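Student: Provide a 3D model corresponding to the input given below.
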Amino acid sequence: MPVRSPISVITAFFWTRGFFYVLYALVIVSLLFPEFNPDLFWHLASGRKAFELGRPMLSWETFSFSKPGMFWINYEWLFEWIAYRLYRWGDYRLLVFFRVTLLAVVLWMMDRYLVLVISKKFDLRPKFLVLARFANFMMAYMFAVSRATLQPELFSLIFLPLFFILRDSWMERWMGRQGTSGSRVPIKESVFLGVLFTLWANLHGGFMMAFGVLGLQGIARLISMANAFYRKRVQGDFSHERDEKVDILAKEFSGLFALGLVGLAASMINPYGWRLYYVILKHLHDAPAIASIIQEWQPTQFYHSGSWAYWGLFAAVIVLLLAGGWFFRALDFESILLVIAFGTFASSHVRNTATFGVVALPVLWKSLLGVFNGKKQNVSPEETGGALLVESIASGDAPRLRWAFLAAVVGLAMGSGFFMVKQARYAARNIWMYQGIPASYVSLGDYPYFACRFLEQNPDLLRLKIMPEWGWGGLVVWLLHDRGARFYFDGRYLFHDLLLESVKVAEDPAQWSDFMTKKGIEACILRHPRVDEYQPLRLPRRQGAGYDQLHRSWHSQAYPKAQWAQVWWDQEAMVLVRRNAVDASWLKRLEYDIPINTDFIWVEFMVKKGLIQIPAVEKELRRNVHEAGLNVRNGAYLHALEEWKKGRYLTFASKGVS
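Tutor: As a prediction, the model looks like this:
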């Protein structure tokens, strides 16, 4: 054996391990940003309540006044159990490190699966293996970072490639390949798969994706069997002799079916048994309706830069598979079905793009590596599908085409690397600014944190029936429920029907006002009106004929001043209370009489008409700065106030109509 020089040993170590250690370090730094997942907070609240009751989970509704005591299939209970205990041990900082760890494991699992796939099918030179691993790592990072918040789905992104590894090992033993004994029931793999499905079913509903993969693989085997029979008949062979290829496909189908039974049995080891499947089917049933309301359930749009990795991978894999089928006259049904099914799933809901990356990246690499090594290994199209386009490009300009494929993949990986470095700089700057990671490492700019603190300081408000914005329900439950507050809804699937009802009613502000009265809502935690929520109205003049035409906010009509009073507002949120639900003297002291933050155009119109005095507006703005601090919102209103003092108005607030 030749003696290797120290430099060659160090170089080999760097490219096989050290280089990837650097990548993982960059990943860790790039993901150290504040937590911003709204659902995390109701997970924490559920874990806290179960802990206080001495139970492993909550199975009934306890946070709301709209559905008190309702049975709750809390199918993510194990995640809540873990998350709350991590919070108790190390506050938000430990949760952030846990999130980073899970995402790093996702990338590691995808890298391991790629190496296993390559080692089984290709004899790749070390430098090309490093290049493939690097490109795969960077593309996987782009998909994983799209779900880079602490949520149960991260476990599904880990368990799915682990399932692929265990599935392949199961099938090898079932089929008696690579020197295995050919046992009909692979015992060791069955145990590992059973543990995997049991954990998965108690952490996240994504275990259903494994059944989807097995189902699609089984369908592909049935299609291949039917295709083999058809080809046999076309060739004029009507004999009843057994076809070895069909026998292999049938045995593979039986192996997949048996594996599915193992997973099904293991998934039933959960607190709810078969009812777990009911709630997952309910999610699928509700998905089209709530897709127009909840952002992560909306379709994946091409114009959104975060979805470009998905669209690029989807198009590339489809083109390669179809091209392979054209040249070989043999389609890889399994890969085509997987890519189309999970690709359609991801295009329907943006939250599923990361799952598509986990499923489609191995297919992509089988294709691209087949271009380099397919002919040498004589791998059949049935094994890698249209991936082995090398058979059709082996002559002529093939080397140039191979390097074109390589350049495209490396270019995509370098683009992902640039994004990673940019994220790492952003996270490092945050850590430097905070002089470390603070105990409350949460993106407060996305939540009504200060509005909740206002409610805490006024405990009489906590006895009211409170309606928060849908996306804020988790935080207000986490901060206020243990102080006695009850809410109309939060972000859980239990309240999808209430969410859909409220969205329908909100189309008409007058109906919304009646709806709030009917539901008994006594306080609201709301976002400020957006520009598109102002509606044109014609107001009759008090003296003389004609009308004044101006825009008024939806809030001003849905929450009429005769019924509702605003008692708090800050940069992100405002608190409204029903007048007849609170003490009149308390309300007189805290009410904001001039709705500059909810109806700015109307306030400016009234100032211009002299019906609201500038000193009164200034007094309330100064009070808000004192209570909520100077921020972008009240700072903008102070600037508008200075313009009004000079006789300059910022909006076309009024137009006389005779």
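Student: Any stretches of the stretch 1-150 of the chain with poor pLDDT?
Tutor: 1-16, 121-125 (pLDDT under 70).
Student: What of the chain?
Tutor: Using pLDDT under 70, the chain drops low at 1-16, 121-125, 177-184, 232-243, 305-306, 323-330, 368-410, 412-413, 539-548, 651-658.
Student: hey, where'd the strands end up in it?
Tutor: 465-468, 486-487, 523-527, 534-540, 547-553, 564-569, 573-578, 655-657 (DSSP state E).
Student: any chance of the ones you listed in CSV, plus mean neighbour count and distance to residue 36?
Tutor: For the C-beta atoms, the positions are set from N, CA and C on the backbone; glycine is no exception. What follows is those, written out as CSV (neighbours: other CB atoms under 10 Å; distance: least, CB to CB, whole Å):
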stretch, mean neighbour count, distance to residue 36
strand 465-468, 23, 17
strand 486-487, 20, 21
strand 523-527, 21, 16
strand 534-540, 13, 28
strand 547-553, 18, 27
strand 564-569, 23, 22
strand 573-578, 23, 16
strand 655-657, 11, 42
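Student: Same list (those strands) but as TSV, adding distance to residue 66.
Tutor: Shown next, in TSV, are the strands of the chain (distance: least, CB to CB, whole Å):
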stretch	distance to residue 66
strand 465-468	9
strand 486-487	8
strand 523-527	14
strand 534-540	29
strand 547-553	26
strand 564-569	20
strand 573-578	16
strand 655-657	43
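Student: I'd like to know which of these is closest to residue 629.
Tutor: strand 564-569 (11.9 Å; CB to CB).
Student: relative to strand 573-578, how tilted is that closest one?
Tutor: Computed with axes from the mean of the first three to the mean of the last three CA atoms, to 10 degrees, the direction of strand 564-569 lies at 150 degrees from that of strand 573-578.
Student: Strand 564-569 packs against which elements?
Tutor: On a contact count with 3 or more CB pairs under 8 Å, 6 or more residues apart in numbering; DSSP states H and E, strand 564-569 meets helix 449-457, strand 573-578, helix 584-590, helix 614-628.
Student: need the contact list for residue 133.
Tutor: Neighbouring residues of residue 133 by CB atoms under 8 Å, 6 or more residues apart in numbering: 20, 111, 114, 115.
Student: Considering those, which possesses the most neighbours?
Tutor: residue 114 (23 neighbours; other CB atoms under 10 Å).
Student: follow-up on the earlier one: so which of the contacts of residue 133 belong to helices?
Tutor: Judged by DSSP state H, helices contain the following of the contacts of residue 133: 20, 111, 114, 115.
Student: hang on, the first one packs against residue 137?
Tutor: Yes: the criterion here is CB atoms under 8 Å, and residue 20 meets it with residue 137 at 7.2 Å.
Student: Need the overlap of contacts for those two.
Tutor: Joint contacts of residue 20 and residue 137 (CB under 8 Å, 6+ apart) are residue 111.
Student: ok, of the ones in helices among the contacts of residue 133, which one's closest to residue 141?
Tutor: residue 111 (10.6 Å).
Student: That closest one and residue 255: what is the separation?
Tutor: If you measure residue 111 against residue 255 using CB to CB, to the nearest Å, the figure is 27 Å.
Student: export the helices and strands packed on strand 564-569 to CSV and tack on distance to residue 84?
Tutor: As requested, those are arranged in CSV below (distance: least, CB to CB, whole Å):
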stretch, distance to residue 84
helix 449-457, 19
strand 573-578, 25
helix 584-590, 34
helix 614-628, 30
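Student: out of those, nearest to residue 498?
Tutor: Nearest of those (CB to CB): strand 573-578, 18.9 Å.
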